[in-house]
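Asks: Could you look at this predicted model? Sequence included:
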Amino acid sequence: MKRKTEAVYENGTLKLAEPLPFAEQARVYVTVEDSPKEMNDDERKIWLRESEQSLTQVWDNPDDDVYNELLQG
């Protein structure tokens with residue numbers, strides 16, 4: 001199961017905003033990222049630029065023209 005929730009980092013511990021539906025002692029994988037409102041403007045600009053470049057590479061891909069042809073057909 002994959003689930004996304006907010007948490008607050010306090011005294012070395014993550015305090016979740018809501019309880020999660022896992023059994024006690026269940027092992028889980030955790031990915032942590034800064035809240036967007038806590039990013040500074042320079043960081044935000046870098047992420048936006050990198051995201052735009054990646055999206056452009058994927059979106060403007062001539063190999064995907066076959067899918068446009070299928071939609072037209």
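Replies: Now that the structure is in, tell me what you want to look at.
Asks: low-scoring stretches of the protein, by residue?
Replies: 36-39, 73 (pLDDT under 70).
Asks: just the helices in it please.
Replies: Secondary structure of the chain (DSSP state H): helices at 41-59, 65-72.
Asks: Residues in contact with the shortest one: which ones?
Replies: Just to be clear, that refers to helix 65-72. By Cβ atoms under 8 Å, 6 or more residues apart in numbering, the list of residues contacting helix 65-72 from outside is empty. Yep, even glycine has a C-beta here, placed from its N, CA and C like the rest.
Asks: quick one: the residue nearest to the spatial centre of the chain and Asp60, what's the gap?
Replies: Nearest residue to the geometric centre of the chain (Cα atoms, centre = their mean): Glu33, 8.5 Å. Distance, Glu33 to Asp60, by Cβ to Cβ, to the nearest Å: 27 Å.
Asks: about what we covered before: dump the helices of the chain to a markdown table, plus mean neighbour count and distance to Lys4.
Replies: Converted to a markdown table, these look like this (neighbours: other Cβ atoms under 10 Å; distance: least, Cβ to Cβ, whole Å):
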| stretch | mean neighbour count | distance to Lys4 |
| --- | --- | --- |
| helix 41-59 | 10 | 18 |
| helix 65-72 | 8 | 29 |
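Asks: Make JSON lines out of those helices and add distance to Gln25.
Replies: Shown next, in JSON lines, are these (distance: least, Cβ to Cβ, whole Å):
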{"stretch": "helix 41-59", "distance to Gln25": "36"}
{"stretch": "helix 65-72", "distance to Gln25": "46"}
